[in-house]
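>>> below are the sequence and a predicted model; questions follow.
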Amino acid sequence: MNRRHFLAQGAGTVLATAASFPSAARATASVSTPGDIALLREIVSTLHPGLYRYNSPKTIDQALSKLERIWPDLPDLWSRYLHLSRFLATIKCGHSYANFFNQTKQVKADLFDRRTRLPFAFKWIGDQMVVTQDQSGTNSLPSGTIVKEVNGIATKAMLARLLPYVRADGNNDAKRRALLSMTGADELETFDIFHGLIYGAPGSSKGEPKEGFHRLRMRLPRSTSDVWVDLPALTLADRQSFYKAPDYRGDGPVWEWTMRPDGIAVLKMDGWALYNSAWKWEAWLNDRLDRLSGAKGLIVDIRENEGGLDCGDVLLSRMAGMDIIKPRADRLVRYQKTPEHLDRYLDTWDDSFRNWGDQVEPLNNRFYKLKRWDDDGILAAKGPRVTTPMAVLTSAQNSSATFQFASLTKQLGLGTLIGEATGGNQRGINGGAFFFARLPESGIEFDVPLIGYFPQDPKPDAGLSPDIAVPQSAKAIADGSDNQMDAAVNHLLHRT
């Protein structure tokens, strides 16, 4: 269960009771019910703290006005879902999207359960679609294969068309490419959703599978020429049979700890979404850190980790040897109390989000400053201190809590970042508390983060660059090697 699963589970019963199918929503709408886009406009303008972090009010107003004009004439649910997603992506907030996991069963069935999925897992390396797992059952797609065309559409052009629909903070397109990689880490994958709607919706004229098959043009590893192959499109059930993420709600370990023969310990942490977990992860982690005496190094692999709880704080508190003063960020919200007429459209797991009361104070004509949950910004040192040198493997997936962990690690010199630039954004993110807004006409849900985190000093519109850049490559995937892990091991074994 990752961050997105938590948001869906956290609203739980509330979402289930408030949700209505699109047809039911239209049938029961009264004269006083606002239109979808009028409601969308009021919700984001009133509640979203990051609405103008990367856009001017004029840009947002023009985008909403365009959506309002075309919405009544959009012929079906899938086209409305796509246009809404395109607008929400315009906000450039990694937590604002029409959440796949929070839709009603009917909306999920109508939009996501289609036989359009490509029969392989892959990663985008730059604008190359590189196969990481053959899921076709034909052994036609060895790892490292570069897929160049799908049903006559160049994959480079396909990527460019999909990017504007994908959530990410600011202009960090590396994060968008990471979300559009098909990794098997989610029960519903971003690529499958948008590729299926754009290139596989009813009436599509280009790019859709023909008679249940995708025609691929590809370059096999160690080949100098392209080949064409027809392979079966997968259903949602087919894809989910390859789903590989552990159960984050259970009471067993979901991270992996390995002590290599060369004296390097590897801690693989693919997720920190342990909100509802019964696993005593902190005790588990401290126990393993206690065993590091004499180890030559510790590699923390968070490359597939978007975030969740601040699990990395345990590592930092054990390694620092002193209290850590975290960088200050202003926690800002747009409202003190939600307008009562909006409450019926806003679900959440904590109704205190509807009224901040005396937990906020006016800051300016746009924001209130949040005092609730405000602490002294100190991460207390814990012992015994770990002195083993640490390397952290990073990627564009790292956002939210893993972005903050990578940032503190780099800032404090507690480890070396190796791999690729992170997701997230140095200008801050939005999150912390959420509403789940459901539009009455279409029945589509979208997530609304409520707290904006704004650094007190100017920052670039970018993720974090690693200390040692090691990009992935199709060749390394074809060879079955992990060049980033190899670089981390080499760094720790040959430190001066």
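Looks like it arrived, so ask away. Predicted, not measured: the structure shown is a model, and the values here were computed from it.

>>> residue contacts, Met158?
Residues near Met158 by CB atoms under 8 Å, 6 or more residues apart in numbering: Val150, His195, Tyr199, Gly207. Where you see a C-beta, it was placed from the backbone N, CA and C, and this is true even at glycine.

>>> just give me the closest of these to Leu141.
Lowest distance from Leu141 to these (CB to CB) belongs to Val150, with 12.4 Å.

>>> which secondary structure element of this protein has the lowest mean pLDDT?
Lowest by mean pLDDT, DSSP states H and E among the helices and strands of the chain is helix 22-28, with a mean of 35.

>>> and Ile477, how close does it get to Asn425?
From Ile477 across to Asn425, the span is 28 Å (CB to CB, to the nearest Å).

>>> ignore the last one, Asn355
29 Å.

>>> which of these two has more neighbours?
Asn425 (27 against 12; other CB atoms under 10 Å).

>>> for the more buried one, give me the pLDDT.
If you check Asn425, the pLDDT there is 97.

>>> correct me, but it touches Ala462?
Yes. Between Asn425 and Ala462 there is a contact under CB atoms under 8 Å: 6.8 Å.

>>> any common contacting residues for these two?
Joint contacts of Asn425 and Ala462 (CB under 8 Å, 6+ apart) are Gly170, Asn172.

>>> mind listing what Ser140 touches?
Counting by CB under 8 Å, 6+ apart, the residues that Ser140 touches are Asp134, Val229, Leu231.

>>> so which of these belong to strands?
Asp134, Val229, Leu231 (DSSP state E).

>>> any of those residues buried? List them.
Listed as buried from the ones in strands among the contacts of Ser140 are Asp134, Val229, Leu231; burial here means 16 or more other CB atoms under 10 Å.

>>> any idea what sits nearest the first one, other than its immediate chain neighbours?
Translated: Asp134. Of all residues not flanking Asp134 in the chain, Leu141 sits nearest, at 3.9 Å (CB to CB, 6 or more residues apart in numbering).

>>> in contact with the one you found, which residues?
Listed by CB under 8 Å, 6+ apart, the contact set of Leu141 reads Pro119, Phe120, Val131, Asp134, Met218, Leu231.

>>> mind listing the helices for the stretch 301-450 of the chain?
Here the stretch 301-450 of the chain has its helices, by DSSP state H, counting those that start in this stretch, at 312-320, 401-412.

>>> identify whichever of those lies nearest to Thr387.
Across these, closest to Thr387 is helix 312-320 (CB to CB), at 7.8 Å.

>>> low-confidence stretches in the stretch 301-450 of the chain?
372-376 (pLDDT under 70).

>>> got the buried residues for the helix or strand hosting Lys156?
Assigned by DSSP states H and E, Lys156 belongs to helix 155-162. If you call a residue buried by 16+ other CB under 10 Å, then helix 155-162 has these buried ones: Thr155, Met158, Leu159, Leu162.

>>> for these, which one is nearest Gly415?
Leu159 (32.2 Å).

>>> how close does the closest residue to that closest one other than its chain neighbours sit to Lys156?
The shortest distance from Leu159 to any non-neighbouring residue, by CB to CB, 6+ apart, is to Asp127 (5.6 Å). Note on Asp127: its distance to Lys156, by CB to CB, is 4 Å.

>>> joint contacts of these two?
With CB under 8 Å, 6+ apart, Asp127 and Lys156 have no common neighbours.
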